[in-house]
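Novice: here is a sequence with its predicted model. Questions after.
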Amino acid sequence: MRFRLASRLPAVLLLVLAIGIPAGAVLQGADWPEWRGPARTGVSGETGLPAAWSPAGQNLAWKAPYGSRSAPVVFGDRLFMQTTAGSGPTLQERLICFHADTGKLLWEQTAFEGPVFDARHERSSFAAPTAATDGQMVFAYFGPEGLYGYDFSGELVWKSLVRFPTLGLGTGTSPVLFKDLAIIQRDEDEGRNSAIVAYDKQKGTEIWKTKRAIQISWSTPVLVEAGRRTALVTNGTELVIACDPATGKELWQTNGVDSNAIHTPLVGHGLVIMTADYPAKKVIAIRPGDVSEDKRVAWEYSKGTGYVLSNILYGDYLYLLTDNGIVTCLDPKTGVVKYEGGRVPVPARFRGSPVAFADSVAMTSEDGDTFMLKAGPAHEIARTNSVDEPVYSSPAIANGRIYIRGQKHLFAIGPKA
């Protein structure tokens, strides 16, 4: 059915192998180099992060007047984010670099300038994807306006421009880094030319391209360790497909979410959990290894999801969030419900995805309020913090700070340098 809108190796070494950090780069223990962090889960293992903050200055290290809807990424003392400028027929799509400790603007580069190929959703941005970095290069993706590789000084090293239709709703997927590759899930309207494409990180040359009979999606793939093999697992309306990230060869597939594929898959407890909301709410827990098709799906659930925001798996619990902040908590191993109907204390809407740290799940609303949900099988909002301006992006956590990008400002929450 087609829908339209309508090991034993140390953990740090495993991470280095997974995302392909260059030999010359030093991975900081708490960097946030890609969409949803170092393991693409939205979860930070940092301790000592501030539990409370305010725009008046409580635990505010700095703020900078660069708001938008793309999330920041951080590597060491460098913070990168995408943005747009201009109006009418000409648009500039830019990559910005800040000093993460001080908020000083280090450089700003215009990747694309001119008329855009397609429209975007009125509540989204032409710079909605999140950049990705390996510590030597940073990769900015603007959908039909191209994928760009910059070095840390802001020098453009390469670009790849491929025009494709987005159903007039724009692009949501972000780059995934694997060893020497930058990988893009480039699904298109009608699915005639949808593909997963891998580029050489240093040169920008296309290394492999795997076509897929999938209509347009806005999801970012995840890397999953299953046995001795790494799989790149992609969310999709018709099919969930796993491929070898080194070659693009398909490893397995199973039925998709039968809805608009927007959410990033979740990984944990030996499962990959796919979620979607519209037109049908879907949660599908999938066994990613070499199993027979009749054993591929571990369990399913059909409530509790939101449209744009991705969900989160933290420790022993899976948290599903709706657009208006209703929380459902499941056992990720079995799908058994721990609680349903948990609410935030005030009416709110959510577009940014949650992050988790220090036994809390942080849910930031469109009003800029961050509700600190206590992790566990009982619903409790322990605290509410605010930046006092609209927020449509997802936070990043790196090196002792929480970074929240609002509509007008980028906030660094934590100790001053």
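Specialist: Perfect, I can see it now.

Novice: not counting its own residues, what contacts the one helix or strand residue 224 maps to?
Specialist: When elements are assigned from DSSP states H and E, residue 224 belongs to strand 222-226. Defining contact as Cβ atoms under 8 Å, 6 or more residues apart in numbering, one finds that strand 222-226 is touched by 14, 18-19, 40, 176, 178, 230-233, 242, 245, 264-267, 272, 288-290. Heads up, the C-betas are built off the backbone N, CA and C, glycines and all.

Novice: what mean pLDDT does that strand get?
Specialist: Strand 222-226 comes out with an average pLDDT of 94.

Novice: show me what secondary structure element comes after that strand.
Specialist: Strand 222-226 is succeeded, C-terminally, by strand 229-234 (DSSP H and E).

Novice: which other helices and strands contact that following strand?
Specialist: Strand 229-234 makes packing contacts with strand 176-178, strand 222-226, strand 239-243, strand 250-255 when contacts are defined by 3 or more Cβ pairs under 8 Å, 6 or more residues apart in numbering; DSSP states H and E.

Novice: identify the bridge partners of residue 355.
Specialist: Residue 355 has these beta-bridge partners by DSSP bridges: residue 362.

Novice: ok, it - contacts?
Specialist: 36-37, 42-44, 312, 361-362, 394-397, 402.

Novice: same list, those, but as JSON lines with secondary structure and pLDDT please.
Specialist: Output for the contacts of residue 355, formatted as JSON lines (DSSP: H, G, I helix; E, B strand; the rest coil; pLDDT from 0 to 100):
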{"residue": "36", "secondary structure": "coil", "pLDDT": "97"}
{"residue": "37", "secondary structure": "coil", "pLDDT": "96"}
{"residue": "42", "secondary structure": "coil", "pLDDT": "97"}
{"residue": "43", "secondary structure": "strand", "pLDDT": "97"}
{"residue": "44", "secondary structure": "coil", "pLDDT": "96"}
{"residue": "312", "secondary structure": "strand", "pLDDT": "98"}
{"residue": "361", "secondary structure": "strand", "pLDDT": "98"}
{"residue": "362", "secondary structure": "strand", "pLDDT": "98"}
{"residue": "394", "secondary structure": "coil", "pLDDT": "95"}
{"residue": "395", "secondary structure": "coil", "pLDDT": "97"}
{"residue": "396", "secondary structure": "strand", "pLDDT": "97"}
{"residue": "397", "secondary structure": "strand", "pLDDT": "97"}
{"residue": "402", "secondary structure": "strand", "pLDDT": "97"}
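
Novice: let's see if you can find the most crowded of the residues you listed.
Specialist: residue 396 (30 neighbours; other Cβ atoms under 10 Å).

Novice: for the stretch 301-417 of the chain, what spans make up the strands?
Specialist: Remark: strands assigned in the stretch 301-417 of the chain by DSSP state E, counting those that start in this stretch are 312-314, 317-321, 327-330, 337-342, 355-357, 360-364, 369-374, 381-386, 396-398, 401-405, 410-413.

Novice: for ChimeraX, what selects the buried ones among the contacts of strand 222-226?
Specialist: Paste this into ChimeraX to select the buried members of the contacts of strand 222-226, with burial taken from 16 or more other Cβ atoms under 10 Å:
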select :18,19,40,176,178,230,231,232,233,242,245,264,265,266,267,272,288,289
